[in-house]
Structure formats: structure tokens, C-alpha cells
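A.B. asks: generate a structure from the sequence data that follows.
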Amino acid sequence: MTAADVPATDAAANRRRARLIDRAPFLVACVMLVVLLAVYAALREGVFTLDELNVDTAAALTLILAATGQTIVLLRGGIDLSIGGMISLGTVLAATRFGDTLAGSAIWTVLILLIGFGVGAINGLLISVLRLQPFLVTLATWSILSGAALLILPIDGGSLPGAWMSAGNATLLGLSTSVWLLVILFVFWLWFRETRLGLTIRATGSNEKSAFLSGVSLTRINVATYGLSGLFAALAALYLTTQTGTGSPTIGKDYILPSVAAAVIGGISLFGGRGGLAGTIVGAFILTIIGNLVFVLSVSSYWQPVVSGVILLVAVLASSLAERSARRSLT
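C.D. replies: Just a heads-up that it's a prediction; the model follows:
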């Protein structure tokens, strides 16, 4: 080995070390999930069965869908609070507009998805054109959407077609609709992350200035990013109605912070540019299993946010340490 090869070898070693450190938060989340499942299995029989997988996936999928949109926004380096309002609005529109016909349900399903994407796109446009903070823009949009939901349906109610409910709770080859939807979602992500848009979102989140100097349109990226977040919030709302059978003008607020928590616990960097959907899914299941443990142990439900908060702190600490170590390794 020549002297010239030494720096190259060191650089390659540093890159490998950086990649390992980069995955550290995800690995921590996986360990957390395994530990929680082990505890859950010790307290309750039948945890590792298809029936339990179906039940837990059904319980977690609304959060997973909401957190998918949040993941895309976090990878861009932003945050989206408006998903709470979109989920509420989506459920009340479905519960009051679907009616009893398949055609009516199909039309309103498409409209709800378009509203979700449109609201998100407006968020991205406002953030770019007016140079406003994502937190403030999406907070305002959350308030507007929540108010609209309350105007349409002041209290929980409405109804969904029986066929809609049946489709959301059907089984195929022993696996529920929720599990198949999760598989489809993951396949979509494997494709999306390699697309030009997916790669550009990640690159822009890693270094916005470099992306801009490379010719990336920040306005287009923000519109696409927040548009997708709104779309997934609408999908979360539609799936949620298959589980509840009603609309709720306030239920969306229960998914705002958990969607961020699921992503961060799973290793998505709050600084943007790092992480993936696999981590977000793990994070969502961690939060779901915590709820199951609280129920099995028959303790106050107030302990669930306490435990979730502790795990979130651990995840944020792991993410922060990994970020610092990765940057140190590359210098």
C-alpha cells in the first residue's frame, strides 16, 4: 500500500463508520420494540400469532399513515401540524357525505384525497413564497381545518356504508386489510425513496443551500413534500373511518405529536435528510405496544404518554448523538 492509498482507506473507513452511526437510532428503536414485545408476551398469551399481528397492525395503521407524511416532511427538514386538522376533516366528510352508494363513496374518497394534497400544497407554497416557518404555517392550517370539521359535524357522529367497513376489516390468506395495506405502503416507499423526488427531498433536507445551488426549486420541493403529507393524512382519515364507523371533528389532534414521535423514535433526524419509513413503522408499533402494555397491566392510561415521552427522549438523544458522531467522522 502506498502513502497515497492511506488517506483513501481512512476516508472509506470513515464513511462506513458514518453509515453505521447513521443507523444507530433505528437500531435502538428495533431493540426497544423487541424488549417491549418480550415484556408483552410474558404478560399475555398469543402475542406472536397472526391474529395479534392483525389486531396490532389495525391499531397502528392510522398512525403509520399519518407518520408517513410526517416522515417525508421531516426528511425535508420541516414539520407538519396540519395533519391533525386534515384527519378530522377527512373523517367528518366521509361520515357525512359517503351515503349508501358505491359511486358516492368513490367520488368522495377521491375528493378527500385531493383536498388533503391541495391543503398540503398550499402549506408548501406559503412556506416558500412568504418565507414563513413551517411550524407557524401548518399550525394555522390545522386551526382552519379543525374549525371546518366542527362546522360540518359539531360532535362525533355520521355513518359509513357497511361495505366500506367490511373492506377495512376483511382478511385475505389469514392477513387483515391493515396488514396488506402496510405491505403496499412499504413497497411504495422502496420505490419512492429511489425516485428523483424522493432523492431530492432527502438531499434538500441534508443541505438546502447546496440543493438550491444545484438547481433544485425549493418551492416545487416544498409543494410536493407538504402535498404528500396532506395526502397521507387524508389516507389516514379514510382508514380510520373503517375502524370507527363515524366521523370525529377533534380526533386528528391525537395524531399530531404521535406522528412526530413515531418518526423520531424510528430514527428520522429532526435536522432533515436522514432516516426512512422502516424506522417510522417501528416507532409507531412501539407506541402501540406501549398502549397495549398499559391496558394489560391495568394501570392508569395516564402512564402511556409518560412512558412514550421517556422513549421519545431516549430516541432524540440517540439521534442527536448519532448526528454529532457522523459529522465528526466525516471531518
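
A.B. asks: okay, CA-based contacts and neighbour counts for the rest of this
C.D. replies: Noted.

A.B. asks: and the most centrally placed residue in the chain, what element?
C.D. replies: Closest residue to the average C-alpha location of the chain: residue 67 at 1.0 Å, with C-alpha atoms, centre = their mean. According to DSSP states H and E, residue 67 maps onto helix 50-76.

A.B. asks: look at residue 275 and give its secondary structure.
C.D. replies: coil (DSSP: H, G, I helix; E, B strand; the rest coil).

A.B. asks: just to revisit the earlier point, give me the pLDDT for the residue nearest to the centre of the chain.
C.D. replies: pLDDT for residue 67: 95.

A.B. asks: got a list of what it touches?
C.D. replies: Remark: with contacts taken as C-alpha atoms under 8 Å, 6 or more residues apart in numbering, residue 67 is in contact with 258-260, 262-263, 280, 284.

A.B. asks: just want the angle from the strand or helix carrying residue 85 to helix 50-76.
C.D. replies: When elements are assigned from DSSP H and E, residue 85 belongs to helix 83-97. Between helix 83-97 and helix 50-76, the angle comes out at 130 degrees (axes from the mean of the first three to the mean of the last three C-alpha atoms, to 10 degrees).

A.B. asks: can I get helix 83-97 in CSV, CA atoms only?
C.D. replies: In CSV, the C-alpha atoms belonging to helix 83-97 read as follows (Å, rounded to 0.1, in the frame of the first residue of the first chain):
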residue,chain,number,x,y,z
ILE,A,83,-52.3,16.7,9.6
GLY,A,84,-54.4,16.8,12.7
GLY,A,85,-56.9,19.1,11.1
MET,A,86,-56.9,17.1,7.8
ILE,A,87,-57.6,13.8,9.6
SER,A,88,-60.5,15.4,11.5
LEU,A,89,-61.9,16.9,8.3
GLY,A,90,-61.4,13.7,6.4
THR,A,91,-63.4,11.6,8.9
VAL,A,92,-66.3,14.0,9.1
LEU,A,93,-66.5,14.4,5.3
ALA,A,94,-66.5,10.6,4.9
ALA,A,95,-69.1,10.2,7.6
THR,A,96,-71.5,12.8,6.3
ARG,A,97,-71.0,12.6,2.5
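
A.B. asks: what's it packed up against?
C.D. replies: helix 102-129, helix 134-152, helix 218-244 (3 or more C-alpha pairs under 8 Å, 6 or more residues apart in numbering; DSSP states H and E).

A.B. asks: give me the residues contacting the one helix or strand residue 203 maps to.
C.D. replies: Take DSSP H and E as the rule and residue 203 turns out to sit in helix 196-206. Identification of contacts with helix 196-206 by C-alpha under 8 Å, 6+ apart yields 72, 74-77, 192-193, 210-212, 216, 221, 225, 271-274.
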